[in-house]
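Asker: Okay, sequence plus prediction incoming.
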Amino acid sequence: MTQLLNDFLSGSAAWGVLLTLAAFALGTLINKVTGKAIFNPLLLGSIFVIIFLSVCSIPYADYKVSAAPVNYLLLPATVALAIPLYEKIDLLKENAAAIIAGIAVGTLVSLGSALALALALDLTREQYATLLPKSVTTAISMDVAAELGGIAALTGAIVIVTGIVGALLAETVCKMFHITDPIAKGVGIGTSAHAVGTSKALQMGEVEGAMSGLSIAVAGVLTAVLCPVFVNLIR
């Protein structure tokens, strides 16, 4: 049965795309039915895909090739986050210095925490390079990790977990530290939890979503520039 399924899938060029969409749709359904934030559609979808590939003994490489069109959509989807930012451009101009400073500090904290973990856990350079770009969107982090000698696929998984945890804890952290300014909320969420966190920021408000979308882009650029410097701190 497994061989028949493999033969069928090998003859279909888009089965990876269909599997990805179906897994995400199922995850979204479960999330809506349960109403629990822990049942994140992205997390559930990833688990469903892993289970399907494992049960059917389908190599990840085959799935990756078939699902490639979905990866191509990551970049335009990220760019589309500029729309709410454009709508709040006046607010950005008024607070540009504070926003850029906040994103820069957040990026340094993210990279510094990865360095601290690497030193504390005695990680190899490959493991460290895999972990380093954990807080930026997969469209950037996986390429950065690959260039630095890390494991890009594992980086993608780490980024997803980082985003989900950030989205789950965003409101709690804001309440705990009495962060009420919508700009500060958006910058913090976008810098630490990339696109997954931004989806939560958009639910919190238009300003939060716009600032979070900006933070993704700026933090991504800063991370790409600073990662080669940080990765050389461990031999």
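Answerer: Ah, there it is. Everything numeric here is computed off the predicted structure, so don't read it as measured data.
Asker: going forward, measure contacts between C-alpha atoms and count neighbours the same way
Answerer: Noted.
Asker: got a list of what the residue nearest to Asp143 when sequence neighbours are not counted touches?
Answerer: Nearest non-adjacent residue to Asp143, counting by C-alpha to C-alpha, 6 or more residues apart in numbering: Ala152, 6.9 Å away. Applying C-alpha atoms under 8 Å, 6 or more residues apart in numbering to Ala152 gives the contacts Thr130, Ser141, Met142, Asp143, Ala145, Ala146.
Asker: what's around the fourth one, how many residues?
Answerer: With neighbours defined by other C-alpha atoms under 10 Å, the count for Asp143 comes to 18.
Asker: so what does whichever helix or strand it is part of touch, helix or strand wise?
Answerer: Per DSSP states H and E, Asp143 falls inside helix 138-147. For helix 138-147, the elements it packs on are helix 74-79, helix 125-131, helix 152-176, helix 206-231, judged by 3 or more C-alpha pairs under 8 Å, 6 or more residues apart in numbering; DSSP states H and E.
Asker: Buried ones in it, by neighbour count?
Answerer: Neighbour counts using 16 or more other C-alpha atoms under 10 Å place Thr138, Ala139, Ile140, Ser141, Met142, Asp143, Val144, Ala145, Ala146 of helix 138-147 among the buried residues.
Asker: Likewise for stretch 36-52?
Answerer: Residues of stretch 36-52 classed as buried: Phe39, Asn40, Pro41, Leu42, Leu43, Leu44, Gly45, Ser46, Phe48, Val49 (neighbour count, 16+ other C-alpha under 10 Å).
Asker: Only alpha carbons, please: show that stretch as CSV.
Answerer: Output of stretch 36-52 as CSV, limited to C-alpha atoms (Å, rounded to 0.1, in the frame of the first residue of the first chain):
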residue,chain,number,x,y,z
LYS,A,36,-7.5,27.4,22.3
ALA,A,37,-4.5,29.5,21.3
ILE,A,38,-2.2,26.5,22.0
PHE,A,39,-3.8,24.7,19.0
ASN,A,40,-2.0,27.0,16.5
PRO,A,41,-2.9,26.1,12.9
LEU,A,42,0.8,26.4,11.9
LEU,A,43,1.9,24.1,14.7
LEU,A,44,-0.9,21.6,14.0
GLY,A,45,-0.3,21.7,10.3
SER,A,46,3.4,20.9,10.7
ILE,A,47,2.6,18.0,13.0
PHE,A,48,0.1,16.6,10.5
VAL,A,49,2.5,16.8,7.6
ILE,A,50,5.2,15.1,9.7
ILE,A,51,2.9,12.3,10.7
PHE,A,52,1.7,11.8,7.1
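Asker: Among the contacts of Ala152, which one sits closest to Ala184?
Answerer: Closest to Ala184 out of the contacts of Ala152 is Ser141 (23.6 Å), distances taken as C-alpha to C-alpha.
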